Structure formats: C-alpha cells, structure tokens
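Engineer: Return atomic coordinates for the entry below.
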Amino acid sequence: MEQDARRRLEDVLDREIAVARSLAQTLAAERTALTGDSPAAVEEKAAEKIRILETIEKLEAERRALYALPSGPGLAAAVAERWRALMELMAGCRAANEINGHIIHVRQHQIGQLIDIVRGGPALTYGPQGKTFAKALRALAQA
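Structural biologist: Okay, the predicted model is just below:
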C-alpha cells in the first residue's frame, strides 16, 4: 500500500511541476503582452493563466487527499525532492506575477494621466528638485 501511495503522490507532484513550468512560461508571455500594444494578447494570456491556476488547484486537492492517507516515513523522503522543486517553481511564478501586477499598475497610472491630459485636467510634471506638481493644461478636445 505504501508503495502505491508513494507512486501516486510522486505522479501528482510530477504533474504539478509540469503545470508550474507551464505557468512560468505563461507569466513570461503575459509580461511580454503587457509591455506590447495588443490588449487581445493580454486578455489571452490572462485567461490562459486562470486556466492553469485552476488546474493547479485541482492537483493540489488531489495531492492533499493523498497526503491524508496513512503512510510510512519512506513516503515523505521519496517526495521531498519533488516538493522542493515545486516550491521553487511556484516561488518564481509568484515573483513573476508580482512583476506583471506592477506593470499593470504602471500602465493604469499612465492611462489615467493621458485621460487627464485629454480632458484638460492638471497634468503632473516634475520641478527642478524632482518633486511633482500639477500644471493646468488646455483640453486637447472637447465634445
């Protein structure tokens, strides 16, 4: 029984590692899309990321169910290396996702500034000391 449980747990961890690698690739592609000029590419990569995260959640539930089964000390030792690899991959994915989130935040801020300029609101500029201040501009267009 322990051999079977170990084999099933190793299989789930191997699948989780493969999916985590796919997530890492998708996050890199998402970063490229975020710095590009195609909103459709951003939407596509975000949807792909969500699908992969759903798969990871399913595999995690399967893994947790296997951990709940009675097992001997050999089971933990057999999966330790895979677990460590999975945690390293997921830490990299978390960092990549945070970078992508920062890119999104910067883009939103830039768009907000552009909208303010088009509407004729105050634009933030920098003074000689590097501090920001609002400078009123004429509207570029009025409806």
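
Engineer: Now do stretch 79-97, average pLDDT.
Structural biologist: Looking at stretch 79-97 alone, the average pLDDT works out to 94.

Engineer: For the residue nearest the centre of the chain, which non-adjacent residue is spatially closest?
Structural biologist: The chain has N97 as the residue nearest its centroid, 2.8 Å off, counting by C-alpha atoms, centre = their mean. Distances taken as C-beta to C-beta, 6 or more residues apart in numbering place L27 nearest to N97, at 5.9 Å, with adjacent residues excluded. In this view, the C-beta of every residue, glycine as well, is placed from N, C-alpha and C.

Engineer: isn't that neighbour right next to A95, touching?
Structural biologist: No - with contact defined as C-beta atoms under 8 Å, L27 does not reach A95; the gap is 9.2 Å.

Engineer: more crowded one of those two?
Structural biologist: Counting neighbours by other C-beta atoms under 10 Å for L27 and for A95 shows that L27 has the greater number, 23 against 11.

Engineer: show me what contacts the more buried one?
Structural biologist: Applying C-beta atoms under 8 Å, 6 or more residues apart in numbering, one finds that L27 lies in contact with 49, 93, 96-97, 100.

Engineer: what helix or strand is it on?
Structural biologist: In this assignment (DSSP states H and E), L27 forms part of helix 2-34.

Engineer: again with Q108
Structural biologist: When secondary structure is defined using DSSP H and E, the element that contains Q108 is helix 73-119.

Engineer: Equivalent analysis for G121, please.
Structural biologist: Counting by DSSP H and E, G121 is part of no helix or strand.

Engineer: So that it lines up with my notes, have the first residue be 35 from now on.
Structural biologist: Shifting the count to begin at 35 puts that one at G155.

Engineer: burial of it, as a residue count?
Structural biologist: Using other C-beta under 10 Å, G155 has 14 other residues around it.

Engineer: Which pLDDT value belongs to it?
Structural biologist: pLDDT for G155: 71.

Engineer: And R97, how close does it get to S56?
Structural biologist: Taken as C-beta to C-beta, to the nearest Å, the spacing of R97 relative to S56 amounts to 17 Å.
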